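Asker: Quick one: sequence plus predicted model below, questions after.
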Amino acid sequence: MATTTIAPPRRTEELAPRPNVASANRQLPGVADYEQVDREIGGSLTPTAGWFGALGLAVAMFLWGAGTWTYQIYWGLGNAGYNPPVMWGVYIISFVFWVGIGHAGTLISAILYLFRAGFRTTIYRCAEAMTVFAVMTAGLFPIIHIGRPWKFFWLIPYPNWRLNWPNFKSPLVWDVFAISTYLTVSATFLYVGLVPDIAVLRDRATNPVKKRILAVMSLGWRNSEREWRHFARMYLFLAAFSTPLVLSVHSVVSFDFAMAITPGWHTTIFPPYFVAGAIFSGIGMVFTIIIPIRKFFRLQHYVTVNHLDAAAKLCLFTSMVVGCAYLVEFWVAWYSGNAFEQQYFYNRVFGQWWWAAWIMLTCNMIFPLSLFSQKLRRNPGWLFILSIFINLGMWFERFVIIVPSLSHEFEPWQWSSYLPSWVDISILVGSFGWFFMWFLLFIKQLPVIAIAEVKEIVPPRLRTSHPHADAIDVTGQHQAYEPDTPGEFA
Amino acid sequence: MGIVAAFHELDATVDAIEDLKRQKISDFEVYTPTPRHEIEEAVNPPQSPVRRFTLIGGLSGACFGYWIAIWTSDYWPLVVGGKAVASWVPYTIIGFEMMVLIGALSTVAGMFINSRVPKITMTVGFDPRFTHGHFGIWVPAAADRARAVEETMRRHGAEEVRHES
């Protein structure tokens, strides 16, 4: 019988260079020690010409959108493409789209934390920041949609002078509670997770003004055992709170539709359908963001292909859940025997809105099936292209939910059409500019990968070698080192 | 006043902590670049009370959410088709969201209070290396026991030991 002989442990300083293959006790083979983590992630904060270019483009898009909104405020909401009875259009579609994008952040940072999914460590910071900025973007759309934005505070639940409160049985009031709670908790989760990393930046900073600002932001954090102990407990409970919150927020958004008797909306499948779609679209946006970041910031040995592979499996799973929901909707319409539902779903796929429905079905159901291929799951270029299709498909999913239902209700004389105007499109483009402007500013001010959590998975320096600190993988095989592309094969 | 020691190795830090505990010294503070279970086991601290803040905050939030919805319904009743003026099913959404909001903010407040952050003033016994790659131990010690503490730290391989006051 063949036996495998494992070499006796060696001293820490003799271990480099290591094979660049993840093993049971070494998730990031391209990262040797704590100092390297600080140096490389801290170093990614230096602005580059490419970053300035991207920021300039985002700001230009934002200004175009803001200018168009000003135009709409001056000339009135009639400049948007509303065509009665289609009085919910691009703004509500984009609201639901951006709220959905915001879901992957908390899924990755909270739900995967509770499930102890190791691949979240290097991508969750990006996803959390994406969540906060996406919800900030989503919050703009109801204000744009109401036409008179100076009356936006009517959305906030408070009583008038006769102590007449908003109706707490209204889904729109639930929405305000859900979205504002989600924004507050997500922003809190992001900030408290950043505090130890800001302390690292504070102690690395040489500019006294910057050091002072970082000292205030880090709240005097010192990495003491006492701080970590309470921090870990807090993080666990925040994750436990955020998990049902993620599921509730898009369920509540779906109630905006499902509580109405409009064909295509009045269905109990909407909450799980919306939640799965939100997570799916959010993971798509995570790929859109993280793949360029790992490339341009040269962080491939942190966000490894293994991590992308695992996230791609999650993307495939949520795509299949969403696809199942699409098919169940059709089945329920047929099985219900309700002529209005049947007519509506036929019209969705083979009638007036066939093009939008098929963009949705192709991008969200068919293209993601490519992720059954391990080769494509481990191909960052393909994942990036696919993520663009997913973003497109998920925007059209919301289009398909909202516009066809409103344009094709019970009475044929009410049937109508809808076409977004240049004002709608400009404000949509502006929303992408607004989102990416904040995100780009974030990634050059604060660490885009969680320094303290990455250090948790980097082996600490030891006087005596760790009993398992040998250069082998889980199968006991020595692996080839890949110095040119660190992390690519990990 | 006291002794602050910087270690580069985790096991050396753990050995020093265990040695301090054997000498009946327990009023020390340990710094680690990242949470390590080895340090936690060596220090053996009491369980964090943050969970109580979470429980109280969550229950208070849920009660407030239900209360505000029920109270406003009763204050200005909307009687529709003989249905209940205050219906608990939709109000569960308000109760749930307020539970999460107040519970999450209380949890963070619990962490701040128990960790004693924010710290407004600079404190002794800290070195910027502790947020990078070094482990640290700060032992408040009067002159009579400072020598013994310093010796313990050096014996276990401290890279630097210094007196601070």
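Answerer: Nice, I can see it.
Asker: ok, the residue in chain B positioned nearest to chain A to residue A:417 distance?
Answerer: Nearest residue of chain B to chain A: residue B:119, at 2.9 Å (CB to the nearest CB). The way it works is simple: take the backbone N, C-alpha and C, and place the C-beta from them, glycine included. Distance of residue B:119 to residue A:417, given as CB to CB, to the nearest Å: 62 Å.
Asker: before we move on, what about residue B:116?
Answerer: 63 Å.
Asker: Tell me how chain B divides into domains.
Answerer: Per automatic domain parsing, the domain ranges recorded for chain B read B:2-46+B:124-164, B:50-115.
Asker: Tabulate the ones you listed (JSON lines), appending distance to chain A.
Answerer: As requested, the domains of chain B are exported to JSON lines (distance: least, CB to the nearest CB, whole Å):
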{"stretch": "domain B:2-46+B:124-164", "distance to chain A": "4"}
{"stretch": "domain B:50-115", "distance to chain A": "4"}
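Asker: Any chance of a markdown table for those domains, columns mean pLDDT and mean neighbour count?
Answerer: Shown next, in a markdown table, are the domains of chain B (pLDDT from 0 to 100; neighbours: other CB atoms under 10 Å in any protein chain shown):
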| stretch | mean pLDDT | mean neighbour count |
| --- | --- | --- |
| domain B:2-46+B:124-164 | 91 | 19 |
| domain B:50-115 | 94 | 18 |
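Asker: what comes up buried for stretch A:196-206?
Answerer: Within stretch A:196-206, the residues that qualify as buried are A:196, A:197, A:198, A:199, A:200, A:201, A:202, A:203, A:204, A:205, counting by 16 or more other CB atoms under 10 Å in any protein chain shown.
Asker: And the longest helix that chain B contains, how far out from the chain middle?
Answerer: In chain B, taking DSSP state H as the definition, the longest helix is helix B:88-115. Its chain's C-alpha centre and that of helix B:88-115 lie 18 Å apart, by CA atoms, centre = their mean, to the nearest Å.
Asker: Check which helices and strands it sits against.
Answerer: helix A:171-204, helix A:225-258, helix B:50-75 (3 or more CB pairs under 8 Å, 6 or more residues apart in numbering or on different chains; DSSP states H and E).
Asker: could you give the angle of that helix to helix B:50-75?
Answerer: When axes from the mean of the first three to the mean of the last three CA atoms, to 10 degrees is applied, the directions of helix B:88-115 and helix B:50-75 differ by 150 degrees.
Asker: what element comes up after helix B:88-115 heading to the C-terminus?
Answerer: strand B:135-140 (DSSP states H and E).
Asker: before we move on, the earlier item: comparing residue B:119 and residue A:417, which residue is more hemmed in?
Answerer: Legend: neighbour count by other CB atoms under 10 Å in any protein chain shown for residue B:119 and residue A:417, higher for residue B:119 (16 against 12).
Asker: dump the residue contacts of the more buried one.
Answerer: Counting by CB atoms under 8 Å, 6 or more residues apart in numbering or on different chains, residue B:119 touches A:219, A:220, A:222.
Asker: ok, of those residues, which one's closest to residue B:64?
Answerer: residue A:219 (27.6 Å; CB to CB).
Asker: List the residue ranges of the stretch 51-200 of chain A that fall below the pLDDT cut-off.
Answerer: Within the stretch 51-200 of chain A, not a single segment meets pLDDT under 70.
Asker: Can you show me the helices along it?
Answerer: Under the criterion DSSP state H, counting those that start in this stretch, the stretch 51-200 of chain A contains helices at A:90-101, A:103-106, A:112-114, A:124-145, A:171-204.
Asker: and if you look at the stretch 251-400 of chain A?
Answerer: A:270-296, A:305-336, A:339-350, A:354-361, A:374-377, A:380-407.
Asker: now the contacts of residue B:119 in TSV, with neighbour count and pLDDT?
Answerer: Below are those laid out as TSV (neighbours: other CB atoms under 10 Å in any protein chain shown; pLDDT from 0 to 100):
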residue	neighbour count	pLDDT
A:219	19	93
A:220	20	91
A:222	26	92
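Asker: out of those residues, which touch chain B?
Answerer: Filtering the contacts of residue B:119 for proximity to chain B (criterion: CB under 8 Å from any CB of the partner chain) leaves A:219, A:220, A:222.
Asker: For the last one, give me phi and psi.
Answerer: Its backbone dihedrals place residue A:222 at phi -130, psi 10, with angles given as degrees, to the nearest 10.
Asker: ok, it - contacts?
Answerer: Going by CB under 8 Å, 6+ apart, residue A:222 touches A:199, B:31, B:119, B:123, B:126, B:130, B:131.
Asker: 6 Å instead?
Answerer: Residue A:222 makes contacts with residue B:126, as judged by CB atoms under 6 Å, 6 or more residues apart in numbering or on different chains.
Asker: Residue B:42 too?
Answerer: If you count contacts by CB under 6 Å, 6+ apart, then residue B:42 has B:14, B:17, B:18 around it.
Asker: from the stretch 201-350 of chain A, which residue is nearest to chain B?
Answerer: For the stretch 201-350 of chain A, CB to the nearest CB, closest residue to chain B: residue A:220, 2.9 Å.
Asker: nearest residue to that residue other than its sequence neighbours?
Answerer: residue B:119 (2.9 Å; CB to CB, 6 or more residues apart in numbering or on different chains).
Asker: From residue A:223, how far out is the one you found?
Answerer: Taking CB to CB, one finds residue B:119 at 12 Å from residue A:223.
Asker: what does residue B:11 give?
Answerer: Taking CB to CB as the measure, residue B:11 falls 19 Å from residue A:223.
Asker: same check, this time on residue A:255
Answerer: Residue A:255 sits 44 Å away from residue A:223, going by CB to CB.
Asker: more neighbours, those two?
Answerer: Using other CB under 10 Å, the more surrounded residue of residue A:255 and residue A:223 is residue A:223, with 25 against 21.
Asker: quick one: contacts for the more buried one?
Answerer: Contact analysis of residue A:223 by CB under 6 Å, 6+ apart lists B:31, B:130, B:131.
Asker: Could you export the helices of the stretch 51-200 of chain A as JSON lines, including distance to chain B?
Answerer: Converted to JSON lines, the helices of the stretch 51-200 of chain A look like this (distance: least, CB to the nearest CB, whole Å):
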{"stretch": "helix A:90-101", "distance to chain B": "14"}
{"stretch": "helix A:103-106", "distance to chain B": "11"}
{"stretch": "helix A:112-114", "distance to chain B": "14"}
{"stretch": "helix A:124-145", "distance to chain B": "14"}
{"stretch": "helix A:171-204", "distance to chain B": "4"}
